[in-house]
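*Asks:* next one to model:
(one chain, ligands or ions: 2)
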Amino acid sequence: MNIKRVTLHITEMKLVFPFATSYGTYRERESILIEIEDMDGCIGWGEVVAFSQPWYTEETVQTSLHMLREFLVPSLLGRTIEHPSELPQLFSNVKRNRMAKAGLEGAVWDIYAQHKNQPLAAVLGGVRSDIEVGVVIGIDTLPRMLQQIERYAVEGYQRFKVKIKPGYDSELLQGIRQAFPNLPLMADANSAYTLQDKDQLKKLDDFGLMMIEQPLADDDILDHALLQKELQTPICLDESIHSLEDARVAITLGSCRVVNIKAGRVGGLTEAIRIHDYCQAHHIPVWCGGMIETGISRAQNVALAALPNFTIPGDISASSRHWEEDVIIPDITLSDGRVPVSSVPGLGYKVNRKRLRNITMQTIVLENHS
Ligand SMILES: O=C(O)CCC(=O)c1ccccc1C(=O)O
Ligand SMILES: [Mg+2]
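*Replies:* Ligands and ions are numbered 1, 2, ... in the order given. Okay, here's the model as predicted:
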């Protein structure tokens, strides 16, 4: 492969329903959709999942654009690549900025799989033909959250995650448990607690949660280990895991019993597979996280979740969970609570150019002139 052109589409889509976390509320989602073309005229798509604000990680849409334009895209253009797993090395002169790197790597994986005439899932090492999926319910009033759970249960979702925050946790979970005693339920705190909240977090053991996700700060790997010793509920780490090395430290210290893998957060699909393999060897189940992303990243998540150690339904909801109209054709849809893994070569979905035009705020074309 030799990439001759990279087009960055900066887009904005309105969510069908506001989505609140311990940090704040989303109504719109700004994204960078990456289109790359190689010398053979083959086109690949990737997505940078950074948000407009740096609350989840330090990256934003604007910092990612800067890294892509000034450093990452120039190091890729005109370079001959045998395999997408060469990209982390190619980008090693850029520290961190993992979501920017992952967006570009995703597009290269798409082209690679098309050249191999295989679905993305197959070249990643996937073994499933469909995946079980879960849904996330943002912070809202109890009646409205119950209503949403009811609706998504009817749509077929297999696992339910609710966002919690200090002051809105045990009472909320108690209310959900009263209405749905046997629901496969988990809670995500997005780093809103500290170890001083240990006694309150221990109360959450009463609700039979599948796990509690990222209760403490991203760099509190040691405190997560101290907390896990006192909790019956398994801890799942999200924001703390940026790399295989982070996973190794967390698992060795006993900071978590489950890992949420997001290709964007860990710098790309190559690192995501390495973390998956390490967790599998250490009997730590993984699941695929979500970033309120468009169908491009969503389709990539479906392919990744086809790997064998993705044994827990992830946050890979249907396109309709957040979007009135997605940018891919066909939409990601559920049938019997499962999403099929595409058997079409590459990412396996087409980009809807008309929809893309309607949501595009800015387009940046970068070419190899050498
Ligand atoms: O994509 C979704 O539907 C929601 C996934 C989610 O919970 C989430 C969304 C945005 C930022 C962080 C997270 C998270 O998993 O912590
Ligand atoms: Mg999370």
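
*Asks:* is stretch 155-167 anywhere near ligand 2?
*Replies:* No - judged by C-beta under 5 Å from the ion, stretch 155-167 makes no contact with ligand 2; its nearest approach is 8.1 Å. Placement of C-beta: from N, CA and C, glycine included.

*Asks:* what does the stretch 101-250 of the chain put close to ligand 1?
*Replies:* 136, 188, 190, 238 (C-beta under 6 Å from any ligand atom).

*Asks:* on the three-state scheme, the closest residue to the third one other than its chain neighbours is what?
*Replies:* To tie it back to what came earlier, the one meant is Asn190. Leaving out its chain neighbours, the residue that sits closest to Asn190 by C-beta to C-beta, 6 or more residues apart in numbering is Ser22, at 4.7 Å. Following DSSP: H, G, I helix; E, B strand; the rest coil, Ser22 is assigned to coil.

*Asks:* ok, what's across the strand from Thr11?
*Replies:* Ser31, Thr360 (DSSP bridges).

*Asks:* surely it meets Thr360?
*Replies:* Yes - Thr11 lies in contact with Thr360 (C-beta atoms under 8 Å); the separation is 5.4 Å.

*Asks:* who has more neighbours, the two?
*Replies:* Thr11 (22 against 14; other C-beta atoms under 10 Å).

*Asks:* check which helix or strand the closest residue to ligand 1 within the chain maps to.
*Replies:* Nearest residue of the chain to ligand 1, counting by C-beta to the nearest ligand atom: Gly290, 2.6 Å away. Using DSSP states H and E, Gly290 sits in no helix or strand.

*Asks:* for Cys288, see how far away the residue of the chain found nearest ligand 2 is.
*Replies:* Minimum separation of the chain from ligand 2 (C-beta to the ion) falls at Asp238, amounting to 3.6 Å. For Asp238, the distance to Cys288 equals 11 Å [C-beta to C-beta, to the nearest Å].

*Asks:* tell me, what's touching these two both at once?
*Replies:* Residues touching both Asp238 and Cys288 by C-beta atoms under 8 Å, 6 or more residues apart in numbering: 260, 262.

*Asks:* between these two, who's got more neighbours?
*Replies:* Applying other C-beta under 10 Å to Asp238 and Cys288 shows that Cys288 carries more neighbours, namely 27 against 22.

*Asks:* which ones are touching the residue nearest to that one when sequence neighbours are not counted?
*Replies:* Closest residue in space to Cys288, ignoring its immediate chain neighbours: Gly314 at 3.5 Å, by C-beta to C-beta, 6+ apart. Residues in contact with Gly314, defined by C-beta under 8 Å, 6+ apart, are 131, 133-134, 260, 287-290, 301, 305.

*Asks:* report the contact partners of the closest residue to the residue of the chain closest to ligand 1 other than its chain neighbours.
*Replies:* Leaving aside its sequence neighbours, Gly290 sits nearest to Asp315 (C-beta to C-beta, 6+ apart; 3.3 Å). By C-beta under 8 Å, 6+ apart, the residues touching Asp315 are 134-136, 161, 287-290.
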